[in-house]
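J.: 3D, please:
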Amino acid sequence: MKTFKVAAFFFEKKGELTPVPLQDGLIINREDEQRSWLIELFLQEEDVQLVRTFEQDEQLTARVAISHRGNDPAMFTVSIRSFELLKDGTSILFDAQLRQMRNEYAKQVLRSLVEEGLSGEKLLEAFTEALHSRPKVEQ
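T.: Residues are numbered from 1 along each chain as shown. Model prediction:
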């Protein structure tokens, strides 16, 4: 297993990113065949309500910037495992399934544009535009 710092955490719904204000966070790659991860976020009590609106068994899409806020986020499907009230906030534990690593984004965009029938200069222009208009997570 490998453990990393969560630099930024966002819920994604219909292409919109909603940031979750963090005190701290850890993400653990279980390094198993299912590509499963465990994410723990530490939040101030006033920020917990943003997460409490979701059901514990609900599958959510999250984007996680790992180690540094400037890193492209990896996409996960997450579900809430538990909430734990602590002295200075709340710990929220998520079970997570890796859906897309950051370097997969460009491949996904390119595949989509090729499937649309673009080629040559039009493909290059559309690809460049798609990469530049990608939702930014640094907030």
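
J.: mean pLDDT per helix and strand in this protein: which one sits at the bottom?
T.: Using mean pLDDT, DSSP states H and E, helix 104-115 stands out as the lowest-scoring helix or strand of the chain, at a mean of 79.

J.: which strands or helices does that helix pack on?
T.: Contacts defined by 3 or more CB pairs under 8 Å, 6 or more residues apart in numbering; DSSP states H and E place helix 104-115 against helix 120-132. C-beta here means a position set from N, CA and C on the backbone, and glycine is covered the same way.

J.: rounded mean pLDDT for the helix it packs on, please.
T.: Averaging pLDDT along helix 120-132 gives 86.

J.: repeat that for stretch 55-64.
T.: The model assigns stretch 55-64 a mean pLDDT of 84.

J.: buried ones in it, by neighbour count?
T.: By neighbour count on 16 or more other CB atoms under 10 Å, the buried set for stretch 55-64 is 60-64.

J.: now the strands for the chain?
T.: All strands of the chain, identified by DSSP state E, fall at 2-13, 16-19, 24-29, 36-43, 60-66, 74-86, 89-100.

J.: between the buried residues of stretch 55-64, which is nearest residue 14?
T.: Taking CB to CB as the measure, residue 14 lies nearest residue 61 of those, at 9.8 Å.

J.: verify the contact between residue 71 and residue 65 for me.
T.: Yes - between residue 71 and residue 65 there is a contact at 5.0 Å, judged by CB atoms under 8 Å.

J.: neighbour count for the two, which is higher?
T.: It is residue 65, of residue 71 and residue 65, that has more neighbours when counted by other CB atoms under 10 Å, with 21 against 15.

J.: for the residue nearest to the spatial centre of the chain, name its beta-bridge partners.
T.: Closest residue to the average C-alpha location of the chain: residue 63 at 1.2 Å, with CA atoms, centre = their mean. Residues in a beta bridge with residue 63, per DSSP bridges, are residue 10, residue 75.

J.: quick one on the thing from earlier: the strands of the chain: lowest mean pLDDT?
T.: Of all the strands of the chain, strand 16-19 has the smallest average pLDDT, which comes to a mean of 86.
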